[in-house]
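Peer 1: model the following, please.
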Amino acid sequence: MTHNEMTRPEIQRDTGPPEGPVVPSAQLAGAESRAEAETIKATPPCQEPSIGGLADLLAERDDLVRRLQRVSADYVNYQKRILRDIEQVREFANEDLIKALLPVLDDIDRALGAAEATLPPRDPLLLGLQLVRDKAVAALRQFGLEAIDSLSKPFDPDRHCAVEVDTSGESPPNTVVRETRKGYVLKSRTIRPAMVVVSAAVNANKPTATD
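Peer 2: Sure, this is the predicted structure:
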C-alpha cells in the first residue's frame, strides 16, 4: 500500500434503505391542503367599520386638521412679528446716537439765541452759527429726526412735558404758550418731549381788580 492510499480518507457508501417510514407524496399533499384550509377557516373575515367608528375617525381627522391650521397660523404670525421687529430695529438703530447729540444741538441753539440778541444780523459769527446749526439739523433729518412744533398747539402729553402753567388768560386753555426746550421725534416716535409752558383756564370765581 502506498503512502497516498494510506492517507486517503475512506469514502463510505450508504447503499442501505432510508431510516424510518416513507410518507407517500399523495398523503403529504393532502395533509398540506387540510392545514391550509384550517388556516383559512381560522382567519377572521375582514369587517367594514361601523358607523360609530367611522364618525370617530372623521372627528379625529377634523381635530388634526384644526390643530395643523392653528399651528400654521401661529407660525405665520410669528414670522410677521419677527419681520416687524427686524424692521423696527433697522429703523431705530441710531436712536441712542441721536439722543446723545441732542444736548449738542441745544448748546448750538442757545449760542445762536445769544448771538441773535447781541450781534447785528449780518455779523460773521452769527452767520457761522446759523450755518453750523442748519448743517447739523440737515444731517440728523436724514435719519428721520424732526423737531416738535409746539407753540400755540394744544398740549399733548405724548409730546409735551409741562413745566409751568400760565394763568394770564391770554391764550385758550390747555395751549402751549412758550417752549423752554425743544422736543424731537424720530420717525414719528417721540424720543424727547418738549418742555413747555401751558395756559390754564381762567377761574370764574377768582375776584378781579375792580371787585
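Peer 1: so how far does stretch 141-157 reach from one end to the other?
Peer 2: 24 Å (Cα to Cα, to the nearest Å).
Peer 1: the longest helix in this structure is where?
Peer 2: helix 51-91 (DSSP state H).
Peer 1: domains of this protein: list them as residue ranges, please.
Peer 2: Taking automatic domain parsing as the reference, the chain has its domains at 62-91, 94-143, 145-203.
Peer 1: tell me the gap between the longest one and the middle of its chain.
Peer 2: So the one you mean is domain 145-203. 34 Å (Cα atoms, centre = their mean, to the nearest Å).
Peer 1: quick one: average confidence on it?
Peer 2: Mean pLDDT, computed over domain 145-203, is 92.
Peer 1: what does the first one give?
Peer 2: pLDDT averaged over domain 62-91 equals 88, rounded to a whole number.
Peer 1: what's the longest helix of the chain packed up against?
Peer 2: Using 3 or more Cβ pairs under 8 Å, 6 or more residues apart in numbering; DSSP states H and E as the contact test, no helix or strand touches helix 51-91. (C-beta placed from N, C-alpha, C; glycine too.)
Peer 1: what's the helix or strand following it in contact with?
Peer 2: Using DSSP states H and E, the helix or strand that follows helix 51-91 in sequence is helix 95-118. Residues from elsewhere that reach helix 95-118 (Cβ atoms under 8 Å, 6 or more residues apart in numbering): 123, 125-126, 129-130, 132-133, 136-137, 140, 143, 145, 181-182, 184, 186, 191-192.
Peer 1: apply 7 Å and report the result again.
Peer 2: Here helix 95-118 makes contact (Cβ atoms under 7 Å, 6 or more residues apart in numbering) with 125-126, 129-130, 132-133, 136, 140, 143, 145, 181-182, 184, 186, 191-192.
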